[in-house]
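1. this is a predicted model, with the sequence first.
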Amino acid sequence: MRILITIPHYFRPRLVGELIDKSTSSSVGGDLTTRVQCLQSCLEHLSTHFQGDHIELDHSTGIVGQSLNRESTKTTLDVVISTVPDQHLLPRVTSSDFIHNSREVDPLQLGFECHLVMAERLDSYDLYGYIEDDILIHDPTFFDKLRWFCETFGDKQLLQPNRYEIRTGRKVYVDGPMPPKLIRPFLSQHAETLEATCLSSRHTFVQARNPMSGCFFLNNAQLKKWVRSPFFNDRDPWYGNYLESTQILGPLRLFDVYKSALTNPFFLEVVHADPRLSNSRVAAITLNESDVFIDSSRNARN
């Protein structure tokens, strides 16, 4: 499987007297060490599970280095990190397994630049991913599960992972239901739930009442449909703001978004390495009353 991962990354220190909402972002004025660790972990998880060779320790010889043959079809994964010149932490990370895409844009729109990177490489990969720079993918079968989901239910359905943070030894799934007025325009009239058997277990998937995961993944056919839509790269901040919109608004307009039910959230999940969301008492997106009507220009599902 050929996979492209795009990551927006931005960091700058806080200016004197600047007020910052730490509950929504730590890219401005956040702790530098924490930001480096999050980005490093993000890249290490991708490299460890999907890029580099795996080796074993042979206890009969004491030698470490025997390569393991994983599968006949090896995964090829490329990572592109989009930044604003001189406002990033890439020199501080040890990984070199990525392409640096530096662009002179508003930092809030770096996510849209990642969308363009995907479009520029259309038909070159089987799967295209957008992830925030503090998202960790720790499941070696993660991309196989995404492919299985599309093969089982079709390309009109999109599976999002459950995102969690770790606090005091517990998993906190941080993307609980959004206000109905925000999500209702995008809920499909199709199946509320989907069910299928995978690895001898029955799994249930429900329409997402909160499609946010800090990431999304499209196969080539899905990306092609999005790129050819009239609103690709329209840079619409409607879904809360630019940061939230880049994470999901485009795919949400086109596909029925599902997540694995919370009776078994482990089927597909990612870790949010910076536990700021569960640390905030209130996380809300403010909308004007006039912004919540169903608009055909914002919902283009067939």
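-> That came through fine.
2. show me where the stretch 101-250 of the chain has helices.
-> In the stretch 101-250 of the chain, the segments counted as helices under DSSP state H, counting those that start in this stretch are 110-120, 142-153, 180-183, 220-227, 242-254.
3. my read: Ala273 touches Arg35, true?
-> No - using CB atoms under 8 Å, Ala273 makes no contact with Arg35, being 9.9 Å away. All C-beta spots, glycine's among them, are computed from the backbone N, C-alpha and C.
4. what do the two both touch?
-> Asp134 (CB atoms under 8 Å, 6 or more residues apart in numbering).
5. rewinding a little: out of the helices of the stretch 101-250 of the chain, nearest to Asp133?
-> Minimum separation from Asp133 across the helices of the stretch 101-250 of the chain (CB to CB) falls at helix 110-120, 9.9 Å.
6. circling back to that earlier point, worst mean pLDDT among the helices of the stretch 101-250 of the chain?
-> Least confidently modelled of the helices of the stretch 101-250 of the chain is helix 180-183, at a mean of 78 by mean pLDDT.
7. list the buried ones in it?
-> By 16 or more other CB atoms under 10 Å, the buried positions in helix 180-183 come out as Leu182, Ile183.
8. chain center to that helix: distance?
-> Put simply, helix 180-183 sits 21 Å off its chain's centre (CA atoms, centre = their mean, to the nearest Å).
9. who are the packing partners of it?
-> Of the remaining helices and strands, none touches helix 180-183 by 3 or more CB pairs under 8 Å, 6 or more residues apart in numbering; DSSP states H and E.
10. send me it as PDB with only the CA atoms.
-> The C-alpha coordinates for helix 180-183 follow below in PDB (Å, rounded to 0.1, in the frame of the first residue of the first chain):
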ATOM      1  CA  PRO A 180     -26.900  19.300  17.400                       C
ATOM      2  CA  LYS A 181     -27.100  22.600  15.400                       C
ATOM      3  CA  LEU A 182     -23.500  22.200  14.300                       C
ATOM      4  CA  ILE A 183     -23.600  18.600  13.200                       C
END
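11. in a strand, Gly65, correct?
-> Yes - assessed with DSSP: H, G, I helix; E, B strand; the rest coil, Gly65 lies in a strand.
12. so what's the residue count around the closest residue to it other than its chain neighbours?
-> Counting by CB to CB, 6 or more residues apart in numbering, Ile55 is the residue found nearest to Gly65 once chain neighbours are left out, at 5.3 Å. For Ile55, the neighbour count with other CB atoms under 10 Å is 12.
13. Ile55 is in contact with Thr48, isn't it?
-> No - the criterion here is CB under 8 Å, and Ile55 misses it with Thr48 at 11.7 Å.
14. other SSEs contacting the helix or strand hosting Val257?
-> Assessed by DSSP states H and E, Val257 sits inside strand 256-260. Counting by 3+ CB pairs under 8 Å, 6+ apart, the packing neighbours recorded for strand 256-260 are strand 157-160, strand 201-207.
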